[in-house]
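Trainee: Make a model of this:
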Amino acid sequence: MFGGAVGGCAENYEEANIYHVQLGRTYGRFNDVKLALPVILPALIKLNWQDYFGGAAMAGVSAVIGENARDKDPNLKIENGKITEFAGLKPMLDAFRRYDRGYGQIVLQCNVEDDLLGLPEYAIREHGVEAIEFKFGQSAKGTQPARRLKIGRKRWIKLSWDFWSSPPIRMLSTLSKQTRRAFVPTFTSMKGCPCGMKTTLFRALPT
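Mentor: Alright, predicted model coming up:
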């Protein structure tokens, strides 16, 4: 009645109180992760991620570094289509590790682009990442995968990985100056082709 059967305390009102409530849980099939609370914070890499990850460690819960985290590093290096240097990942991990008290974990989320760029392998090899979440879609988040790219045509063509862009860059020369102003130098990229839009998208291949 007082939760003594599962709570681990005596079945009386003097001991079965809020101070003896045990909310700890574990998850994981092969390597259990202890949680002080049954909470996993959703992926984030915008806004104040430093306190977000640090707070998760203090609370003893898991937190997830959001997809495309590499975009936060202006010194990101990619060679032959693979990430070779992503120093910006370390402070993201350290924000959690600094306050880690043995509960929860910091998880790196990787989408299709991250995977193709070899981020999972790089993160494990260079930064000792122990947990990776592979993301396959956006579910109910609608147009979330669309990202605005503030780059010009020359920079776009020189990208070392490929994107879908709308409007097609090859069509810009045929648009009026007023119309181009609405798009340039900002493009929208998608890793994939939405249904019914194939004729309006252009794939920029690396040179």
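
Trainee: what's the longest helix in the protein?
Mentor: helix 49-59 (DSSP state H).

Trainee: Quick check: what element follows it along the chain?
Mentor: strand 62-65 (DSSP states H and E).

Trainee: And the average pLDDT for stretch 20-29 is what?
Mentor: On average, the pLDDT along stretch 20-29 is 87.

Trainee: what's the straight distance from one end of it to the other?
Mentor: 28 Å (CA to CA, to the nearest Å).

Trainee: likewise stretch 107-124?
Mentor: Length of stretch 107-124, first residue to last, CA to CA: 11 Å.

Trainee: what sits up against that stretch?
Mentor: Stretch 107-124 is contacted by residues 43, 62-70, 78, 81-84, 86, 89, 129, 131-136, 145, 161, 191-192 when judged by CB atoms under 8 Å, 6 or more residues apart in numbering. Yep, even glycine has a C-beta here, placed from its N, CA and C like the rest.

Trainee: hmm, 6 Å instead?
Mentor: 43, 64-67, 82-83, 129, 131-135, 191 (CB atoms under 6 Å, 6 or more residues apart in numbering).

Trainee: Derive a PyMOL selection command for the buried subset of those.
Mentor: For the buried members of these, the matching PyMOL selection, counting by 16 or more other CB atoms under 10 Å, is:
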select buried, resi 43+64+65+66+67+83+129+131+132+133+135+191
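
Trainee: okay, the contacts of stretch 107-124 in TSV with distance to residue 118 next?
Mentor: Converted to TSV, these look like this (distance: CB to CB, whole Å):
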residue	distance to residue 118
43	20
64	20
65	16
66	18
67	15
82	4
83	5
129	13
131	18
132	12
133	16
134	13
135	16
191	15
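
Trainee: Can I get the longest helix of the chain in CSV, CA atoms only?
Mentor: Extracted in CSV, the C-alpha atoms of helix 49-59 (Å, rounded to 0.1, in the frame of the first residue of the first chain):
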residue,chain,number,x,y,z
TRP,A,49,23.7,23.6,-24.9
GLN,A,50,26.5,24.1,-22.3
ASP,A,51,24.1,24.3,-19.3
TYR,A,52,21.7,21.8,-20.9
PHE,A,53,24.3,19.1,-21.0
GLY,A,54,25.9,20.1,-17.7
GLY,A,55,22.5,20.2,-16.0
ALA,A,56,21.7,16.7,-17.3
ALA,A,57,24.9,15.3,-15.7
MET,A,58,24.0,17.0,-12.4
ALA,A,59,20.5,15.6,-12.5
